[in-house]
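K.L.:
Curious how this folds, go ahead:
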Amino acid sequence: MNKETPMASPAQELAALRERLEQLSFEYYVEDNPSVPDAEYDRLFARAVSLEQAHPELATDDSPTRKVGAPPTGAFASVTHEVAMLSLDNAFDEASLNRFMQRVSERSGHSQLRWCAEPKLDGAAVSILYEKGKLVRAATRGDGYTGEDITSNVRTIKNVPLRLRGDFPQRLEVRGEVFMPLAGFTAYNDNAREQGEKVFANPRNAAAGSLRQLDSRITARRPLQFYAYAMGQVEPERELDDDSHYQRLMQLKAWGLPVCPETRHLSNNQACHDYYTDLMERRDSLKYEIDGVVFKVDAIEVQDALGFVARAPRWAVAYKFPAQEELTWLRGVDFQVGRTGAITPVARLHPVTVAGVTVSNATLHNADEIERLGARIGDRVIVRRAGDVIPQVVGVVLDERPAKTEKIEFPANCPVCDSAVERVEGEAVARCSGGLYCAAQRKQALMHYASRKAMDIDGLGDKLIEILVDRDWVKSPVDLYSLTEHQLASLPRMGQKSAQNLVRAIAKSRKTTLAKFLYSLGIREVGEATAQNLAAHFASLDALMSASVEALQEVPDVGVIVAEHVHSFFREAHNQSVINELIRPRDFGQQGTDAPEHGYVYWPQPKQLSEDEAATLPLADQVFVLTGTLSQMTRDEAKAALLAMGAKVTGSVSAKTTALVAGDKAGSKLTKAESLGVPVMSEQDLVDLLSASNG
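P.N.:
Okay, here's the model as predicted:
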């Protein structure tokens with residue numbers, strides 16, 4: 001006779017429910033082909049919730065029911081991206097796209113390339129990490145290197161799988177875009193208006209704001225979705241199924257991750273132009289907002305060969321759609337001074353709505369742009385939201401120019417500190433030259449001055465500098481040397497011991513080198529190597545400060561632009577005043593200084609070598625680059641030893657490099673050296689070389 005089927009235990013039933021819910025989610029969100037009505041999904045979901053409530057010991061983080069959100073967890077923690085989340089270069093017209101494609105062809109050596117194309121979603125970029133198939137961490141892009149931990153919020157996004165399917169890597173990082181579909185955005189705003197709550201200006205802000213909620217239950221109520229567009233870290237390193245970017249996206253899809261259905265595999269450049277035209281025509285009918293398309297070289301091998309520039313891959317571009325534009329009136333112009341001294345003209349506008357955002361200010365970029373536009377205060381102007389980020393004035397309606405308008409006068413002196421405004425020939429940006437004095441640049445200048453490679457004031461971090469400046473205790477580097485233990489100990493979370501340590505660190509920083517002091521001043525384009533070259537060439541600060549532009553150009557690696565930056569910096573009276581206060585000899589009384597005849601900052605005068613003497617040094621005319629972590633000495637010590645032997649130490653590898661010294665965890669510089677055939681030395685090789693040269 002037939003036996004009755006044994007009744008499943010709660011654990012068995014819950015396991016089966018979870019597997020079924022994941023399958024249904026995959027069908028609905030990834031395959032766009034649901035096999036059951038929504039009501040059936042809801043019934044199964046409710047049963048799983050009831051089982052977990054009845055048996056709390058069976059609840060797990062990767063359960064589909066956890067997508068409803070969790071209580072607030074507090075402020076976001078920082079996440080360092082293992083592989084940088086770089087931005088994309090933009091193309092705004094067909095000619096720009098063609099130039100990009102031509103560069104890619106020339107650099108790769110391929111006249112015909114295949115492409116992977118996808119819409120440029122207007123949302124927020126995120127990184128999602130899976131370990132053993134389980135979602136363990138999610139982070140925002142942040143600055144490309146460090147983002148915010150938003151794991152609890154990303155878990156609530158309904159089409160983000162908490163577990164992967166199939167034969168997935170042990171460790172997989174997925175990059176993609178979180179966005180709010182237009183229907184959900186409209187419905188959310190309609191409901192918010194009815195409730196008297198804040199509405200979002202556009203779907204992009206809605207997505208970004210929803211991801212940064214401290215209470216993930218709020219995020220769970222927002223209609224967010226996610227599309228994957230790339231792999232990041234993959235471990236263990238192994239051959240993936242295909243050398244095609246498109247096929248790798250299809251692999252992500254097979255593992256359960258949603259990929260935009262408009263993603264295409266294109267066979268040539270013309271197909272890219274056709275794709276762009278087609279998508280732009282259908283833009284308003286899509287279910288989500290896009291601001292262009294992204295083209296990526298499809299062959300991973302070619303991507304690897306092309307590599308990256310500082311902020312973007314060479315093998316990808318965002319071809320932007322024409323930005324939305326509106327007309328308004330230019331009421332005035334303010335001049336803002338940035339943290340690096342850049343002076344930007346900002347148009348004050350009669351408020352106007354552009355791309356869903358009320359705009360009352362827009363950038364005019366620089367003096368050249370004002371002249372090109374022919375803009376005057378009082379004009380009727382065209383405003384565009386460029387890249388949906390920074391509104392800008394892009395045109396003037398001359399036919400509607402009023403009878404009375406006012407010329408826009410670019411200031412000759414900084415509007416914040418009255419220092420002279422510097423504009424180097426050939427550069428568009430004008431800058432305040434009072435870097436050591438200007439209040440707008442004060443925090444940035446002090447952070448640089450105190451940094452390890454400059455004056456190396458241990459304990460004087462960015463947050464403390466902000467407090468000191470905000471309290472008006474420190475207006476220039478001079479004021480650092482007058483800070484007292486009693487004064488510092490009164491600051492929040494400082495304490496007597498920390499105050500003592502900081503005062504000692506400031507005192508210790510007084511004795512330095514001319515090169516470090518020059519670097520600490522924050523002169524534009526003057527890095528460590530240039531500061532070292534300037535110090536070696538002029539030997540004294542007085543000689544450098546009085547040097548002409550022509551004399552400065554005699555220094556190795558100093559061209560006309562750097563020479564003009566240095567010359568302008570030392571000609572500014574405010575900078576001269578701060579420098580003189582730093583180095584002026586003074587009586588320190590009973591402070592226990594070992595050099596009462598010196599100023600706040602001093603350095604030993606180096607022995608001057610003649611050209612003939614310099615040419616006899618063991619490593620004269622040789623060029624070295626240091627990379628990675630050294631164990632027997634610091635990088636600074638290695639650099640100093642090489643310089644003492646007559647070598648030059650630069651920051652980048654080129655065909656002129658004599659050798660690259662590679663420590664542990666050497667990165668892109670090692671790769672470049674190997675590609676150029678530059679000899680690579682280990683740390684021990686360097687130690688042996690220095691010993692032999694000393695011998």
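K.L.:
what's the helix or strand for Ser210?
P.N.:
Using DSSP states H and E, Ser210 sits in helix 203-211.
K.L.:
Who are the packing partners of that helix?
P.N.:
The criterion is 3 or more CB pairs under 8 Å, 6 or more residues apart in numbering; DSSP states H and E, and the helices and strands that helix 203-211 contacts are strand 124-131, helix 151-154, strand 171-179, helix 182-195, helix 216-220. The way it works is simple: take the backbone N, C-alpha and C, and place the C-beta from them, glycine included.
K.L.:
And the contacts of that helix?
P.N.:
122-124, 126, 140, 150, 153-154, 178-182, 185, 188, 200, 218-219, 222, 224, 288-289, 388 (CB atoms under 8 Å, 6 or more residues apart in numbering).
K.L.:
Can you show me the CA trace of that helix as CSV?
P.N.:
This file holds the C-alpha atoms of helix 203-211, laid out as CSV (Å, rounded to 0.1, in the frame of the first residue of the first chain):
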residue,chain,number,x,y,z
PRO,A,203,15.2,60.1,-10.8
ARG,A,204,19.0,60.4,-10.3
ASN,A,205,18.6,62.4,-7.1
ALA,A,206,15.9,60.0,-6.0
ALA,A,207,18.2,56.9,-6.5
ALA,A,208,21.2,58.5,-4.8
GLY,A,209,19.2,59.9,-1.9
SER,A,210,17.4,56.5,-1.4
LEU,A,211,20.7,54.7,-1.2
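K.L.:
Tell me the gap between that helix and the middle of its chain.
P.N.:
19 Å (CA atoms, centre = their mean, to the nearest Å).
K.L.:
Could the C-alpha coordinates of the helix or strand hosting His448 be exported in CSV?
P.N.:
Using DSSP H and E, His448 sits within helix 442-450. Output of helix 442-450 as CSV, limited to C-alpha atoms (Å, rounded to 0.1, in the frame of the first residue of the first chain):
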residue,chain,number,x,y,z
ARG,A,442,43.7,78.4,3.8
LYS,A,443,42.6,74.9,4.8
GLN,A,444,44.0,73.3,1.6
ALA,A,445,47.3,75.2,2.0
LEU,A,446,47.7,74.1,5.6
MET,A,447,46.8,70.5,4.9
HIS,A,448,49.5,70.4,2.2
TYR,A,449,52.0,72.3,4.4
ALA,A,450,51.6,69.7,7.3
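K.L.:
Just the mean pLDDT for that helix, thanks.
P.N.:
Average pLDDT, helix 442-450: 91.
K.L.:
Likewise for stretch 325-340?
P.N.:
88.
K.L.:
what does stretch 200-210 give?
P.N.:
pLDDT averaged over stretch 200-210 gives 81.
K.L.:
hang on, isn't Trp115 packed against Asp274?
P.N.:
No - at 11.4 Å, Trp115 and Asp274 do not qualify as touching, with contact defined as CB atoms under 8 Å.
K.L.:
Looking at these two, which one has more neighbours?
P.N.:
A direct count of neighbours by other CB atoms under 10 Å for Trp115 and Asp274 places Trp115 higher, at 25 against 14.
K.L.:
Report how many residues lie close to the nearest residue to that one once chain neighbours are set aside.
P.N.:
Among residues not flanking Trp115 along the chain, Leu266 sits closest, at 4.4 Å (CB to CB, 6 or more residues apart in numbering). Using other CB under 10 Å, Leu266 has 19 neighbouring residues.
K.L.:
which stretch in the helices and strands packed on helix 203-211 has the least confidence?
P.N.:
Across the helices and strands packed on helix 203-211, helix 182-195 gives the lowest mean pLDDT, at a mean of 84.
K.L.:
quick check: angle from it to helix 203-211?
P.N.:
If you take axes from the mean of the first three to the mean of the last three CA atoms, to 10 degrees, helix 182-195 sits at 70 degrees to helix 203-211.
K.L.:
Touching helix 182-195 from outside, list them.
P.N.:
180, 198-200, 202-203, 206, 222-224, 286-289.
K.L.:
same deal with stretch 48-68?
P.N.:
10-11, 13-14, 17-18, 21-22, 25, 45, 134-135, 155-158, 162-163, 217, 220.
K.L.:
For His350, which residues are in contact?
P.N.:
So His350 contacts 328-329, 331, 360 (CB under 8 Å, 6+ apart).
K.L.:
chain center to the helix or strand it falls within: distance?
P.N.:
Assigned by DSSP H and E, His350 belongs to strand 342-354. Taking CA atoms, centre = their mean, one finds strand 342-354 lying 25 Å from the centre of the chain it belongs to.
K.L.:
Pull up the pairing partners for that strand, direction included.
P.N.:
Paired neighbours of strand 342-354 in the sheet (DSSP bridges): strand 325-337 (antiparallel), strand 357-363 (antiparallel), strand 430-432 (antiparallel).
K.L.:
And that strand, what's buried?
P.N.:
Across strand 342-354, burial judged by 16 or more other CB atoms under 10 Å covers 343, 345-347, 349, 352, 354.
K.L.:
tell me the mean pLDDT for the helix or strand where Pro391 lies?
P.N.:
Applying DSSP H and E as the criterion places Pro391 in strand 390-396. Throughout strand 390-396, pLDDT has a mean value of 85.
K.L.:
Having no further points to raise, I will conclude here.
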